[in-house]
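S.K.: make a model of this:
(one chain, ligands or ions: 1)
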Amino acid sequence: MEVYRVTKNSPEWLFKVYDYARTDAFCFGQGIPVNFEYGHDEPIDDTYQAVVLVDEGKPVAGCKITYPGKNVARIARVCVTREYQHKGAGSILIKEAEKWILEGEVSKIVINSQNRAQKFYEKLGYELVPGVDPRIIEERPDGDYSSAPRDYAPSNNKLGFFCVLLEKNVPA
Ligand SMILES: CC(C)(COP(=O)(O)OP(=O)(O)OC[C@H]1O[C@@H](n2cnc3c(N)ncnc32)[C@H](O)[C@@H]1OP(=O)(O)O)[C@@H](O)C(=O)NCCC(=O)NCCS
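M.R.: Residues are numbered from 1 along each chain as shown. Predicted structure coming up:
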């Protein structure tokens, strides 16, 4: 498995690897409409960071890293193509993202996860922040959710899942 770090000036094909993995995992795998999946993408600017995986020339996986606050990193849009799911690719992807994040001064990594992927992240050391709406990530850039309302009680959306907030203090 080849692991690539992607930034604004990376070769175009690395962006295509990520798009392929997103389309396969989310649109075909989970029925997320393509306009919804790609309709909210932030522009690719100087801060852009993504990790992608390629196996013998095939697009396998991707995730994006952002920094909502000074010492807080966020891993998002995590996807593995259906062919490669449950074979360890997701774990390789997250570990590489964490390695990159830890090259900077970061004390916490946060994830707004689909509830059905929660166990995957927990196996990688992330912990659920119970009762807190994951949309708080953007509202509290310091990553301190201790005084956040704990009344978040979501139910499944039309696509059959809801989102949860996960966090990991680093270095673990
Ligand atoms: C969720 C996803 C990223 C996990 O990647 P993956 O390559 O399939 O996961 P891995 O093979 O590295 O699994 C690592 C561990 O997590 C577990 N795991 C993986 N996906 C899981 C899931 N959906 N539910 C429960 N456990 C899961 C595996 O069983 C494995 O456990 P083990 O180490 O005891 O065998 C991938 O399946 C995927 O892209 N799914 C569709 C899109 C998606 O849900 N993205 C996440 C949005 S928040």
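S.K.: just the buried residues of stretch 65-74, please?
M.R.: For stretch 65-74, burial by neighbour count (16 or more other Cβ atoms under 10 Å) applies to 65-66, 68-69, 72-74. Placement of C-beta: from N, CA and C, glycine included.
S.K.: grab the nearest non-local neighbour of the residue in the chain that the ligand sits nearest to.
M.R.: Nearest residue of the chain to the ligand (Cβ to the nearest ligand atom) works out as Gly90 at 2.1 Å. Leaving aside its chain neighbours, Gly90 sits nearest to Val80 (4.9 Å; criterion: Cβ to Cβ, 6 or more residues apart in numbering).
S.K.: now for that neighbour: which residues touch it?
M.R.: 21, 25, 53, 60-61, 89-90, 93 (Cβ atoms under 8 Å, 6 or more residues apart in numbering).
S.K.: filter these down to the buried ones and hand me the ChimeraX line.
M.R.: Restricted to buried positions by 16+ other Cβ under 10 Å, the ChimeraX selection for the contacts of Val80 reads:
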select :21,25,53,60,61,89,90,93
